[in-house]
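Q: Generate coordinates for the sequence data below:
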Amino acid sequence: MTGTAKSAAKPATRAGRTTPARGARRNVLLVATRKGAWLLHADSARRNWRIDGPHFLGHVIHHLVLDPRDGRTLLAAAKTGHLGPTVFRSTDLGRTWKEAARPPAFARRADGSGRAVDHTFWLTPAHASEPGVWYAGTSPQGLFRSDDGGVTWSPFSPINDDPQYLEWFGTVQDGTPDGPKLHSIIVDPRDPKHLYFGMSGGGVHESTDGGATFRTLIDGLEVVEGFDARTPTFHDPHCIRICPSNPDRLYQQNHCGIYRIDRPSDTWVRVGRKMPKRVGDIGFNMAVHPRDADVAWVLPMDGRSVWPRTSPDGKPAVYGTRNGGRTWQRLDAGLPREQAWWTVKRQAMCADAGDPVGLYFGTTAGELWASRDAGGKWACIARGLPEIYAVEAGERR
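A: Numbering: from 1, shown residues only. Here you go, the predicted structure:
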């Protein structure tokens, strides 16, 4: 794997474009940053990467997602200086973009009052049986849906205005340093009506009726000492992932550790206690194996009482489990050995569908790291980018 993104040698075609080998994966990484977005296209071996960008230079891009149902449509959650919070859409892998005609926005009350979206934070394509349907989570916490491929958005489900949820949301000063948010919107691949989401703060919630109702799913989760774990307000899930190979299993990287749940149980189990004590199990991000529910990866941060939000001792490492969290292995070959005081945010780590699995993460220092062998060895494939907010892996068509 190369040390930085670059163009790979390409055979000439009449259209001047690369013709991939039959059956070869056409991997693309979607990188959202504090000042724009980039796409990195891989060769079939994932050794060389061609960088495309910047897109939306100077604008905050919180999330950039490729629709797996068509392999062409991109949605970008943006906060722009001129347009404010909005969503952009491309149907040609980023060659051209068009702003949503109606971005996510809270309904206004009769007197004109109500909450205002600061930014759209999370984007999720709906079930494979619902082409063109997307979900979005915002800051402050709100859940939205588009039925036309991201062109128009509407509030989704009663939670946005429910008095109980409004109490759990807290105020705009609560939650993460850059604002409270609704995130980790998950669609069960077996059932389009089975949904999950997380809120920082506000806990984990589940619907089995397509969003008509939601219920809390916080049993077993710890909260900061001195607060009541029975109250969703005090719960801060950082990232929740469902296992594609076994959708009854979910993992969670939480403000208070790493957890796993195996449905139909309603109780989370803290599997992060098996992490080395000097490292701990506090962090933001998580990735799961596409074909083995026992395999997952995290990148812990320094979780001391005053959070510095940096890699422990300035020595970053990914930790992986191959047995559902009973044991964890340090995977740091190729990563900096010292003086790397960056953070990896909750959306900035992902896995592809390759064999072996490719892992990727982006840092607050603007570095993009990749492993072609499930974390066995790491290489920096891009550096000098703005602070990275999100990294997603996709396959283009």
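Q: Look up phi and psi at the residue nearest to the spatial centre of the chain.
A: Centroid-nearest residue in the chain: residue 347, 3.1 Å away (criterion: Cα atoms, centre = their mean). Per-residue torsions, residue 347: phi -100, psi 0 (degrees, to the nearest 10).
Q: Hmm, residue 285 and it touching each other?
A: Yes - with contact defined as Cβ atoms under 8 Å, residue 347 reaches residue 285; the gap is 7.3 Å. Any C-beta I mention is one placed from the backbone N, CA and C, and that applies to glycine too.
Q: Quickly list what's touching both of the two.
A: Common neighbours of residue 347 and residue 285 (criterion: Cβ atoms under 8 Å, 6 or more residues apart in numbering): residue 239.
Q: Name the residues of the helix or strand of the chain with the lowest mean pLDDT that come out as buried.
A: Lowest on mean pLDDT, DSSP states H and E among the helices and strands of the chain sits helix 163-169, with a mean of 90. By neighbour count on 16 or more other Cβ atoms under 10 Å, the buried set for helix 163-169 is 165, 168, 169.
Q: could the residues you listed be laid out in CSV, adding distance to residue 251?
A: Putting the buried residues of helix 163-169 into CSV (distance: Cβ to Cβ, whole Å) gives the following:
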residue, distance to residue 251
165, 25
168, 23
169, 25
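Q: how about low-confidence regions in the stretch 1-150 of the chain?
A: Scanning the stretch 1-150 of the chain for pLDDT under 70 picks out the ranges 1-25.
Q: circling back: and for the least confident helix or strand of the chain, what are the contacting residues?
A: Residues contacting helix 163-169 (Cβ under 8 Å, 6+ apart): 140, 141, 159, 180, 199, 201, 202, 203, 231, 232, 233.
Q: which residues touch residue 290?
A: Neighbouring residues of residue 290 by Cβ under 8 Å, 6+ apart: 244, 245, 351, 352, 353, 357.
Q: related to what we said a few turns ago, from the contacts of helix 163-169, which is closest to residue 133?
A: Nearest to residue 133 among these, counting by Cβ to Cβ, is residue 159 at 18.0 Å.
Q: Relative to residue 75, which of the contacts of residue 290 is nearest.
A: When the contacts of residue 290 are compared for distance to residue 75 (Cβ to Cβ), residue 352 wins out at 19.1 Å.
Q: The closest one against residue 393, yeah?
A: Yes - the criterion here is Cβ under 8 Å, and residue 352 meets it with residue 393 at 4.0 Å.
Q: where do the contact lists of those two overlap?
A: Joint contacts of residue 352 and residue 393 (Cβ under 8 Å, 6+ apart) are 27, 358, 360.
Q: Which of those are buried, as a ChimeraX select command?
A: This is how ChimeraX selects the buried members of those, with burial counted by 16+ other Cβ under 10 Å:
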select :27,358,360
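Q: if we can go back for a sec, and the nearest residue to the residue nearest to the centre of the chain once chain neighbours are set aside, backbone torsions?
A: Nearest residue to residue 347 in three dimensions, chain neighbours excluded: residue 390, at 3.6 Å (Cβ to Cβ, 6 or more residues apart in numbering). With angles defined as degrees, to the nearest 10, residue 390 sits at phi -150, psi 150.
Q: for residue 303, same thing?
A: phi -110, psi 30.
Q: one step back: mind putting the contacts of residue 290 into a markdown table with secondary structure?
A: A markdown table is the format used below for the contacts of residue 290 (DSSP: H, G, I helix; E, B strand; the rest coil):
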| residue | secondary structure |
| --- | --- |
| 244 | coil |
| 245 | coil |
| 351 | strand |
| 352 | coil |
| 353 | coil |
| 357 | coil |
